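Please find the sequence and the predicted model below.
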Amino acid sequence: MNVHFIAIGGSAMHNLALALHERGDALITGSDDAIFEPSKSRLSTAGILPEREGWYPQKIHNGIDVIILGMHAKRDNPELLKAKQIGLKIYSYPEFLYESTKNKTRVVIGGSHGKTSITSMLLHSLKHSNSNVDYMVGARLEGYKTMVRLSTDSEWAVFEGDEYLSSPIDLRPKFHLYRANVAILSGMAWDHINVFPTFEKYKIAFSDFLKSMEPGGTLIYNSDDVELKDLVLEDNSPIRKIPYSIPKYRIDDFKWVWCTPQGDLNLHFIGKHNLSNAEGARWLAQEMGIQAEEFYDAISTFSGAERRLEILGRGEHRSVHLDFAHAPSKVKATVEAYVETFPKTIKIGLLELHTFSSLNPDFISGYHDVLNGLDQAVVYYDPKAVAHKNLPELEKSTVESVFGSEVKVFTDIDEFRIFFDKLPISCNLLVMSSGNLGGFDIRAYSEKWVSEN
């Protein structure tokens, strides 16, 4: 099979390309106008990195069996137009994943937050039990070569499924396309106004997801989310519905302990939201044949997904955690977890505003109280990123008025670095960002910072 990727450099796209290449039954080609690390190195190592960046219609010919189209491409992409002209089969990557697994039992992890963590926890427990599954997850996991696996022999497929658009020519939410046999919804918090301009439109994406599930399927849902609970209970789709909520826990000397029916379980992750994620993953694992005792044994060794309260450094007096949190609900949950874990130590939080919604003056008010509980809060954003997204200018005073006078706001990366050099010797630092902090290498900085006396 000859498969050509338009926008091969994307996170999900390049992992799908690597998975098909690794399976060995497909010839992979691709194009993109910009390919960044780590995609570039990983594609190069596999021998499928495009020779030149850019779009080349001459790459599109009748010998191609399948085109896989990424969201980064535009509707007028010259390769896409050529593929349409000669009548090639064009899939979005979620559509291709469905076509590749339509004879398998598909497990879909959806929700506004916690998708990657739940998927990671589930895959960790399945690996612990030597289960053979296909998967797609939104972050790099320890012990996994790629974020996508498509085999010829597994009976199950586990997909992290988000509610955003499938491709430039397919505006259906991605998770609708998987037609889940088993699914979980972790929550419903409106945070992407560029895709869903109103909360009502956002809710429709979730209600339609329930309708997209295979009849007789099973939905597991977070009943602590009132809006989601009401939506699920109002739905009349022919599916089984199982609620879950935050399980009992306690904190012993900064360590989170899950009080399970089978005894106390020491965890390597923190936060009520992550306990909720783990409980959801437990229900999914049960649907896949993993019993509670086996799941608890597996989750006791789970250290978390990349950029999900990931520990970057820990010294005698300092620690640094990195989290992908960017939307208001995600930031609030992450901060609450940090405050609850370190109640008697100095807690400093840094939030980078990077997404379309967070840099939009019409939406930023949603961040009003998300940093409450921190001893010092810092917000950073790059005005160039605002301009790049074609948004109205975001005044520093606007950001300050939303977060409060005690929150420091930086728009210059050098001033930002000077501030960190003056942080207290004894404190814990929480970094929340879906961007790159203006090129500031927080991983390298953390190693030096936690060792300072």
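Happy to help now that I have it.

Show me the helices in the stretch 51-200 of the chain, by range?
Using DSSP state H, counting those that start in this stretch, the helices of the stretch 51-200 of the chain run over residues 78-86, 93-101, 115-128, 199-212.

Output those helices in a markdown table; the columns should cover distance to D297, mean pLDDT and mean neighbour count.
Placement of C-beta: from N, CA and C, glycine included. Below are these laid out as a markdown table (distance: least, Cβ to Cβ, whole Å; pLDDT from 0 to 100; neighbours: other Cβ atoms under 10 Å):
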| stretch | distance to D297 | mean pLDDT | mean neighbour count |
| --- | --- | --- | --- |
| helix 78-86 | 48 | 98 | 17 |
| helix 93-101 | 28 | 97 | 21 |
| helix 115-128 | 7 | 95 | 25 |
| helix 199-212 | 32 | 96 | 17 |
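
of all those, which lies closest to Q262?
Closest to Q262 of those, according to Cβ to Cβ: helix 115-128, at 14.8 Å.

Who are the packing partners of the closest one?
If you count contacts as 3 or more Cβ pairs under 8 Å, 6 or more residues apart in numbering; DSSP states H and E, helix 115-128 packs onto strand 105-110, strand 133-136, strand 156-160, helix 272-287, helix 292-299.

Try it again at 6 Å.
Applying 3 or more Cβ pairs under 6 Å, 6 or more residues apart in numbering; DSSP states H and E, we find helix 115-128 packed against strand 105-110, helix 272-287, helix 292-299.

domains in the chain, as residue ranges please.
Domain segmentation of the chain under automatic domain parsing yields 2-88, 95-299, 310-450.

wait, what's in contact with V232?
By Cβ atoms under 6 Å, 6 or more residues apart in numbering, the contact set of V232 is 221, 241.

Let me know the secondary structure of it.
Here V232 is recorded as helix under DSSP: H, G, I helix; E, B strand; the rest coil.

number of nearby residues for E415?
11 (other Cβ atoms under 10 Å).

weakest of the domains of the chain by average pLDDT?
Among those, domain 310-450 carries the lowest mean pLDDT, at a mean of 89.

Check the separation of the first and last residues in that one.
End-to-end distance for domain 310-450, by Cα to Cα, to the nearest Å: 15 Å.

and if you look at stretch 239-249?
So stretch 239-249: terminal residues 31 Å apart, Cα to Cα.

can you pull the pLDDT of N453?
Looking at N453, its pLDDT stands at 60.

picking up where we left off before, using TSV, lay out the helices of the stretch 51-200 of the chain together with distance to D264.
Formatted as TSV, these follow (distance: least, Cβ to Cβ, whole Å):
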stretch	distance to D264
helix 78-86	55
helix 93-101	38
helix 115-128	18
helix 199-212	35
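
so which of those helices comes closest to T345?
Closest to T345 of those, according to Cβ to Cβ: helix 115-128, at 24.3 Å.

Tell me the buried residues in stretch 357-369?
Of the residues in stretch 357-369, 357-360, 363-364, 366-367 count as buried by neighbour count, 16 or more other Cβ atoms under 10 Å.

what does that stretch contact?
Contact partners of stretch 357-369, identified using Cβ under 6 Å, 6+ apart, comprise 191-193, 328, 353, 386, 391-392, 394, 398, 402.

ok, and the most crowded of the residues you listed?
Greatest neighbour count in the contacts of stretch 357-369, by other Cβ under 10 Å, goes to L353: 26 neighbours.

you'd agree that one is up against Y381?
Yes. L353 lies in contact with Y381 (Cβ atoms under 6 Å); the separation is 3.9 Å.

circling back: so for A183, which of the helices of the stretch 51-200 of the chain sits nearest?
That would be helix 199-212 among those, by Cβ to Cβ, at 7.5 Å.

Next, the angle from the closest one to strand 105-110.
170 degrees (axes from the mean of the first three to the mean of the last three Cα atoms, to 10 degrees).

can you list the residues that contact helix 199-212?
Applying Cβ under 6 Å, 6+ apart, the contact partners of helix 199-212 are 163, 173, 175-176, 179, 188, 190, 196, 231, 235, 237.

how much space between S434 and W190?
17 Å (Cβ to Cβ, to the nearest Å).

Look at these two and report which has more neighbours.
Using other Cβ under 10 Å as the criterion, S434 and W190 rank with W190 on top: 21 against 16.

what's near enough to touch that one?
199, 202.

Equivalent analysis for E306, please.
139-140.

per-residue pLDDT, it?
With respect to pLDDT, E306 scores 77.

Distance of it relative to P168?
Taken as Cβ to Cβ, the span from E306 to P168 is 28 Å.

just S151 next, same as before
Distance of S151 to P168, given as Cβ to Cβ: 29 Å.

Compare neighbour counts for these two and give me the winner.
Applying other Cβ under 10 Å to S151 and P168 shows that P168 carries more neighbours, namely 19 against 16.

If we ignore the residues flanking it in sequence, what's nearest that one?
R75 (4.7 Å; Cβ to Cβ, 6 or more residues apart in numbering).

Kindly report the same for F342.
Nearest one to F342, counting by Cβ to Cβ, 6+ apart, is N428 at 5.1 Å.

what about the one you found, which SS state?
strand.

ok, how many other residues are close to it?
22.

Kindly report the same for F356.
Around F356 there are 16 other residues, counting by other Cβ under 10 Å.

if I look at the nearest residue to it once chain neighbours are set aside, how far off is G111?
Nearest residue to F356 in three dimensions, chain neighbours excluded: N194, at 4.5 Å (Cβ to Cβ, 6+ apart). Distance of N194 to G111, computed by Cβ to Cβ: 19 Å.

Run through who's touching stretch 242-250.
For stretch 242-250, using Cβ under 6 Å, 6+ apart, the contacting residues are 220-221, 223-224, 257-259, 272, 275-276, 279-280, 283.

How about stretch 109-121?
137-139, 141, 160-161, 175, 184-189, 277-278, 280-281, 302, 305, 308, 329-330.

so F420 sits in a helix?
Yes. Assessed with three-state DSSP, F420 lies in a helix.

pretty sure S319 is touching C427, no?
No. At 8.6 Å, S319 does not count as touching C427 under the criterion of Cβ under 6 Å.

Might you report the residue contacts of the residue lying closest to S166 once chain neighbours are set aside?
Closest residue in space to S166, ignoring its immediate chain neighbours: S92 at 3.9 Å, by Cβ to Cβ, 6+ apart. S92 makes contacts with 69, 166-167, 170, as judged by Cβ under 6 Å, 6+ apart.

Could you rerun that using 10 Å?
68-71, 98, 165-170, 172, 174, 177 (Cβ atoms under 10 Å, 6 or more residues apart in numbering).

Nearest to T411 among these?
The closest of the contacts of S92, once distances to T411 are taken by Cβ to Cβ, is M71, at 28.2 Å.
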